[in-house]
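Asks: Output the structure for:
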Amino acid sequence: MMSTAALDIIFLESHEAALRALLHRENGSEAAAYVLFGKAEIAADPWSKQPRIRLISHEVVPITSDEMVSSSSVHVTWSTQGFMRLLGLAQHRNLVPALVHTHPGAGAFFSDQDDRNEAELARTTFNKGAQGLASMVFGQHDAIVGRLWKSAKASTKASSISIVGSKIKIWRADAGREDTEFLARQAALFGKGFNPIVRALRVGVIGCGGTGSAVVSLLTRLGVGHLALMDNDTIDTTNLNRVHGSRAADVPAKLAKVDILAREIEAGGLGTQVVTRRAWVGDPSLRDVLRSCDVLFGCTDDNQGRLTLNRLAHYYGIPLIDVGLRMRSAKSGVDYDMTGRVTTIRPGNPCLICLGVVNAQRAAAEGLQRNDPAEFERRKAEAYVEGGGDPAPAVVTFTTSIACAAVDELIQGLTGFRGQGGMTHNRIRRFDRVEDRSMTCRPIPTCPVCGTEDTWGRGDVNPFLGVIG
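Replies: Here you go, the predicted structure:
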């Protein structure tokens with residue numbers, strides 16, 4: 001009996017590259033290796049309402065040469081000694097063990113022999129108390145298939161397999177045949193394969209103000225098929241100068257920003273499936289939504305929210321495209337400072353903490369203001385915390401311009417239109433100088449997020465994202 005939970009598999013780019021190198025044989029024979037996966041158990045996918053399991057690569061484990069028995073262009077055999085060690089590791093660290101083998105001269109598929117062998121290994125896996133057995137086949141021309149054994153008799157085939165790094169590659173079992181005539185002009189630029197990819201994308205946008213609303217508008221016109229909008233705010237009069245889709249009548253109606261954007265998407269009639277959540281990004285009710293996305297856009301000015309997204313990108317292998325603006329008026333002989341930033345965060349890149357984007361003291365103050373407003377006001381009166389100052393300047397042309405740069409990074413990740421280097425890690429735009437540049441940094445060795453591979457693809461842990469409180 002097949003499981004009802006859909007299955008996604010995410011390979012971190014570095015793990016996929018390590019496996020390809022490890023499994024390549026000059027003589028064209030098959031080869032095999034092990035992988036340990038983190039797991040996300042999603043109770044209800046926000047779009048399908050069905051349960052979903054997502055596996056994220058955490059560590060590649062080679063099969064040593066002394067364990068190999070024989071191999072040819074149509075088979076590979078190895079002893080199970082290393083497999084038993086793998087099961088011990090998986091159980092101890094609460095990870096999912098996996099087998100990966102190649103079909104160097106054929107497509108990616110599970111043979112009858114694979115079915116029989118893996119059923120026996122799955123039986124051993126469950127007898128040892130591990131939480132399932134994953135298996136994957138790498139075929140020629142980069143073809144790939146995967147599945148998860150939920151018992152010795154039943155497995156679920158992956159409906160999508162992603163390679164996530166500076167580039168984003170996604171294979172879907174059901175690529176869809178939706179009529180996308182309104183996207184014909186972009187297919188003319190990127191090819192016929194581009195539109196089905198964006199149509200199947202699941203993108204979360206956190207923060208639906210000036211930059212977030214522009215990002216949402218652009219993603220809708222780009223043809224993204226599934227959008228999740230997350231923001232706790234209602235519209236106010238000072239937002240009307242930059243929140244796309246907002247109307248003066250929305251202010252007295254006290255409409256939530258997410259509802260305004262959903263209204264505009266639905267009015268557009270372009271087939272985007274949109275879900276909205278009126279909550280702060282750290283609210284536990286958002287975990288299923290966040291973990292179901294292929295890509296996240298961070299458009300919040302909330303330091304504590306950015307810390308959450310920073311960790312999420314590493315634990316779940318979901319690329320985060322974070323957007324920020326700093327606007328300072330010219331006064332007292334000082335020139336304008338009008339700076340936009342687009343940062344792509346993923347395992348392998350220095351994180352928002354190491355880049356100095358997040359202010360830890362302000363994040364702590366925001367948490368106190370959210371959880372204990374009275375204590376926040378008391379400490380603010382005594383000048384122990386910052387917050388509640390004048391609102392930052394904002395102009396629609398600049399918020400929209402940096403939103404365009406952010407969505408361009410997604411397109412670059414999917415197409416490589418700027419070359420094969422992938423998404424830029426940290427792009428800085430000085431509007432006052434008509435200047436674009438990129439800059440990065442080295443990870444801080446002691447950084448608990450990007451300074452260690454322990455967090456990469458770790459998936460569900462208790463407490464969530466390894467954060468207490």
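
Asks: And the helices in the stretch 151-300 of the chain?
Replies: With DSSP state H, counting those that start in this stretch as the criterion, the stretch 151-300 of the chain has helices at 184-190, 194-200, 210-222, 257-268, 287-292.

Asks: winner for burial among these?
Replies: Compared across the helices of the stretch 151-300 of the chain, helix 210-222 shows the largest average neighbour count, a mean of 25 (mean count of other Cβ atoms under 10 Å). For glycine as for every other residue, the C-beta is placed from the backbone atoms N, C-alpha and C.

Asks: quick one on the thing from earlier: can you tell me which of the helices of the stretch 151-300 of the chain is nearest to Ser71?
Replies: helix 194-200 (34.8 Å; Cβ to Cβ).

Asks: what's the closest one packed up against?
Replies: Applying 3 or more Cβ pairs under 8 Å, 6 or more residues apart in numbering; DSSP states H and E, one finds that helix 194-200 contacts strand 168-172, helix 184-190, helix 396-415.

Asks: Can you add distance to Ile10 and mean pLDDT and give the helices of the stretch 151-300 of the chain back as TSV?
Replies: Converted to TSV, those look like this (distance: least, Cβ to Cβ, whole Å; pLDDT from 0 to 100):
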stretch	distance to Ile10	mean pLDDT
helix 184-190	23	96
helix 194-200	15	95
helix 210-222	20	98
helix 257-268	26	98
helix 287-292	11	98
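
Asks: Let's have those in JSON lines, adding distance to Thr343.
Replies: Output for the helices of the stretch 151-300 of the chain, formatted as JSON lines (distance: least, Cβ to Cβ, whole Å):
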{"stretch": "helix 184-190", "distance to Thr343": "24"}
{"stretch": "helix 194-200", "distance to Thr343": "22"}
{"stretch": "helix 210-222", "distance to Thr343": "13"}
{"stretch": "helix 257-268", "distance to Thr343": "23"}
{"stretch": "helix 287-292", "distance to Thr343": "18"}
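
Asks: which one of those helices lies closest to Leu36?
Replies: Taking Cβ to Cβ, helix 287-292 is the member of the helices of the stretch 151-300 of the chain nearest to Leu36, at 18.8 Å.

Asks: Just give the nearest non-adjacent residue to Leu99, would you?
Replies: Residue nearest to Leu99 in three dimensions, not counting chain neighbours: Ser135, with 4.7 Å by Cβ to Cβ, 6 or more residues apart in numbering.

Asks: Kindly apply the preceding question to Ala31 instead.
Replies: Per Cβ to Cβ, 6+ apart, closest to Ala31 is Leu23, 4.2 Å.

Asks: give me every residue that touches the one you found.
Replies: Neighbour list for Leu23: Ala31, Ala32, Ala33, Val100, His101, Thr102, Phe138 [criterion: Cβ atoms under 8 Å, 6 or more residues apart in numbering].

Asks: For the first one, grab the count of nearby residues.
Replies: Using other Cβ atoms under 10 Å, the number of residues around Ala31 comes to 19.

Asks: Quick check: Asp302 vs Asp288, distance?
Replies: Taken as Cβ to Cβ, to the nearest Å, the spacing of Asp302 relative to Asp288 amounts to 21 Å.

Asks: Ile345 now?
Replies: Distance from Ile345 to Asp288, by Cβ to Cβ: 21 Å.

Asks: Over to Gly245?
Replies: Separation of Gly245 from Asp288 (Cβ to Cβ): 26 Å.

Asks: His101 too?
Replies: 33 Å.

Asks: Same question for Ala248.
Replies: 35 Å.

Asks: same deal with Ala360?
Replies: Taking Cβ to Cβ, one finds Ala360 at 28 Å from Asp288.

Asks: How about Glu30?
Replies: 38 Å.

Asks: Ala122 now?
Replies: Ala122 is 27 Å from Asp288, by Cβ to Cβ.

Asks: need the contact list for the residue most central in space within the chain.
Replies: For the chain, the residue nearest the mean C-alpha position is Ile318 (1.6 Å; Cα atoms, centre = their mean). Listed by Cβ under 8 Å, 6+ apart, the contact set of Ile318 reads Ile10, Val164, Leu290, Arg291, Cys293, Asp294, Val295, Leu296, Leu312.

Asks: Helix, strand or coil: sort out it for me.
Replies: Secondary structure state of Ile318, per DSSP: H, G, I helix; E, B strand; the rest coil, is coil.

Asks: list the buried ones in stretch 118-137?
Replies: Buried residues in stretch 118-137, counted by 16 or more other Cβ atoms under 10 Å: 118-119, 121-122, 125-126, 130-137.

Asks: ditto for stretch 247-259
Replies: Buried, per 16+ other Cβ under 10 Å, within stretch 247-259: Asp250, Val251, Leu255, Ala256, Lys257, Val258, Asp259.

Asks: Select, from those, the two members most distant in space.
Replies: Among the buried residues of stretch 247-259, Val251 and Val258 lie farthest apart (Cβ to Cβ), at 15.6 Å.

Asks: domains for the protein, by residue range?
Replies: Following the TED database, one finds the domains of the chain at 6-164, 178-466.

Asks: tell me how far the ends of the first one are from each other?
Replies: Terminal residues of domain 6-164 lie 19 Å apart, using Cα to Cα, to the nearest Å.

Asks: could you give me the average pLDDT of it?
Replies: Rounded to a whole number, the mean pLDDT of domain 6-164 is 94.

Asks: sorry, back to before: among the helices of the stretch 151-300 of the chain, which is nearest Lys150?
Replies: helix 287-292 (19.2 Å).

Asks: Off-centre distance for the closest one?
Replies: 10 Å (Cα atoms, centre = their mean, to the nearest Å).

Asks: likewise stretch 403-412?
Replies: The chain centroid and the centroid of stretch 403-412 are separated by 15 Å, computed with Cα atoms, centre = their mean.

Asks: With stretch 124-138 instead?
Replies: 25 Å.

Asks: can I get the CA coordinates of that stretch in PDB?
Replies: C-alpha atoms of stretch 124-138 as PDB (Å, rounded to 0.1, in the frame of the first residue of the first chain):
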ATOM      1  CA  THR A 124      16.600  -4.600   8.100                       C
ATOM      2  CA  THR A 125      16.300  -0.800   8.400                       C
ATOM      3  CA  PHE A 126      13.000  -1.000  10.200                       C
ATOM      4  CA  ASN A 127      14.100  -3.900  12.400                       C
ATOM      5  CA  LYS A 128      17.000  -1.700  13.500                       C
ATOM      6  CA  GLY A 129      14.600   1.100  14.400                       C
ATOM      7  CA  ALA A 130      15.600   3.700  11.700                       C
ATOM      8  CA  GLN A 131      12.900   6.000  10.400                       C
ATOM      9  CA  GLY A 132      12.700   4.800   6.800                       C
ATOM     10  CA  LEU A 133      15.100   4.000   3.900                       C
ATOM     11  CA  ALA A 134      15.500   6.300   0.900                       C
ATOM     12  CA  SER A 135      17.100   5.300  -2.400                       C
ATOM     13  CA  MET A 136      18.100   7.100  -5.500                       C
ATOM     14  CA  VAL A 137      19.300   6.300  -9.000                       C
ATOM     15  CA  PHE A 138      21.500   8.600 -11.100                       C
END
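
Asks: Perfect, I'm done here.
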